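Participant: Provide a 3D model corresponding to the input given below.
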Amino acid sequence: MSRIMLGIICGLVFGAIDIGIMLPMSLPDKKAAITAAFIARFGLGFVIGAARLPWPGWAVGLCFGLLLSIPDALITKAYGPIIGMGALGGTIIGMLIGRFGRDSGTNRGRLRSSLYYIGTKKAQFSLSVRMHFIEAAVFSHRLRHFEQAQIRNTPQRTGLNQQPSWTLGEDE
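Facilitator: Reported below is the predicted structural model:
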């Protein structure tokens, strides 16, 4: 399963678990609190699935779990449960995505330009030849402009061919 899809599923499950934990609590605006918690935990799963860092999966999950949970903890002043749940859930999601998630696209994680990746070798060669013609045309266009600029800046056209009023070696 792709990393992003697995991240979405893990985020939905983590959000549902967080809702289940919050249901028995008495809160002033319970509907808003549950909705905000679900969105935060869903976003955590999505971000972990979308992130490509050169770290182990659990470290990516722990990092994002902490970073995305701290603002909610600061607002609610319930530091322990929110940060702890975010760190634990992020670590678990990171391990799952690191273990079972696969990179979408071709060549497992290496991004290839769709311009160069065409199914057959013949098509790739044809595109390569066309790209060389385009590069040659651009180069010759730039060379022509450079040559024209050199002609415009010659001493005959700019008045720089006049003799200087002094020469080297003359003192005053």
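Participant: If I look at residue 144, what pLDDT would I see?
Facilitator: Looking at residue 144, its pLDDT is 70.
Participant: model confidence over stretch 78-88, on average?
Facilitator: 94.
Participant: What are the boundaries of the helices in the protein?
Facilitator: Secondary structure of the chain, counting by DSSP state H: helices at 3-22, 30-50, 57-76, 79-100, 121-152, 155-158.
Participant: Contacts only, for the residue lying closest to residue 22 once chain neighbours are set aside.
Facilitator: Leaving out its chain neighbours, the residue that sits closest to residue 22 by Cβ to Cβ, 6 or more residues apart in numbering is residue 34, at 5.4 Å. Backbone N, C-alpha and C define where each C-beta goes, glycine included. Contacts for residue 34 (Cβ atoms under 8 Å, 6 or more residues apart in numbering) come out as 19, 22-23.
Participant: And the protein, what are its domain boundaries?
Facilitator: 3-100, 121-158 (automatic domain parsing).
Participant: Deepest in the core, which of those domains is it.
Facilitator: Most buried of these by mean neighbour count (mean count of other Cβ atoms under 10 Å) is domain 3-100; its value is a mean of 17.
Participant: Between the two ends of it, how far is it?
Facilitator: Using Cα to Cα, to the nearest Å, the end-to-end distance of domain 3-100 comes to 8 Å.
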